[in-house]
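[1] this is a predicted model, with the sequence first.
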Amino acid sequence: MATISEAKDSRKCTDGDEPSAELRFNIAGTEDDGEARTLLLGAAPPTWTVGGKTLVQKQRSLDPAGGGHWKGSVTYGRRESSYQFEIGGGSAHITEALDQTSYGYEAAAPEMNHRINVTRDRNGVTVNGLDIDAPTYAWSETHYLPAGAVNAAYKAALFAVAAAPVNQYAWRGFQAGEVKFKGASGQQRGEEDWAITFKFEASPNATGLSVGNITGISKKGWEYLWVLYEEVEDGAAKVLVPSPLGVYVAKVYAESDFSLLGIGV
């Protein structure tokens, strides 16, 4: 029966700006390198702490010593990560202008109260609005997770967050409701750790919004605001024009705890 034990010269550690550690093992009772490697993977913990810093597995090595004996080692180092961001223009559909000037022919144009692209047909008055550029903040993060940490339960947690993609609690300096998880992709580097890239997009929460005479509207970043209009008569122009009857803020994405991603807060 194959056995594994930690060597006497194990646990060599270095503290400081670039902490590191090495665990060494003696394996006996097998000529099968696959079996020896399995024993090494099972014996070495996925993380090691040096000077209060959590290190992750960086490299594993296995050397034959003859007669069914092997020398194994696992080195640990700081968890690496990378961060990329993009600030650009997305789009937003609006139905009201910040300001609007009207011009009429021989008489004043009907007052639209900042409504945009208003049309009238047999069904009444419609506020069509238009799409405009809207600032977006999108970023991705690449993290390196130990092989043992990326198991079926962790993959299920990623899927759960993808199904409820808006942050339930404050995260990465953003308020609850402002960040949307756009997904993750991962690749294991041989038998080493996993490189997983996480993608996010942010939209700010808003308070004190107004639509026509309706004020005090609050909306989280990834909620959807829409307006119900009614027709009222413009006394001067003697035509029916749209006027907000109600404003609705709809929650269209479920929320989840982003700590399940395992990449900090």
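    Good, I have the coordinates.

[2] show the backbone phi and psi for residue 23.
    Its backbone dihedrals place residue 23 at phi -110, psi 140, with angles given as degrees, to the nearest 10.

[3] quick check: which ranges of the stretch 51-200 of the chain have low pLDDT?
    Filtered on pLDDT under 70, the stretch 51-200 of the chain yields the residue ranges 80-90, 102, 104-109, 133, 190-192.

[4] can you pull out the helices in it?
    When assigned using DSSP state H, counting those that start in this stretch, the helices of the stretch 51-200 of the chain occupy the ranges 152-163.

[5] can you map out the strands along it?
    All strands of the stretch 51-200 of the chain, identified by DSSP state E, counting those that start in this stretch, fall at 53-66, 69-78, 81-94, 118-121, 124-127, 130-145, 166-167, 179-188, 194-202.

[6] which one of these is the most hemmed in?
    Highest mean neighbour count among the strands of the stretch 51-200 of the chain (mean count of other C-beta atoms under 10 Å): strand 166-167, with a mean of 25. Quick note: C-beta positions are derived from backbone N, CA and C, even for glycine.

[7] which secondary structure elements does that one contact?
    Packing contacts for strand 166-167, counted by 3 or more C-beta pairs under 8 Å, 6 or more residues apart in numbering; DSSP states H and E, involve strand 179-188, strand 255-256.

[8] change it to 7 Å
    Using 3 or more C-beta pairs under 7 Å, 6 or more residues apart in numbering; DSSP states H and E as the contact definition, the elements that strand 166-167 packs against are strand 179-188.

[9] could you export the strand it packs on as PDB, CA atoms only?
    Extracted as PDB, the C-alpha positions of strand 179-188 are listed here (Å, rounded to 0.1, in the frame of the first residue of the first chain):
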ATOM      1  CA  VAL A 179     -23.200  45.800 -10.300                       C
ATOM      2  CA  LYS A 180     -24.200  43.100 -12.800                       C
ATOM      3  CA  PHE A 181     -22.200  39.900 -13.100                       C
ATOM      4  CA  LYS A 182     -21.700  39.200 -16.800                       C
ATOM      5  CA  GLY A 183     -20.200  35.700 -16.500                       C
ATOM      6  CA  ALA A 184     -16.900  33.900 -16.000                       C
ATOM      7  CA  SER A 185     -14.600  31.700 -18.000                       C
ATOM      8  CA  GLY A 186     -11.900  29.500 -16.700                       C
ATOM      9  CA  GLN A 187      -9.100  27.300 -17.800                       C
ATOM     10  CA  GLN A 188      -7.000  24.900 -15.700                       C
END
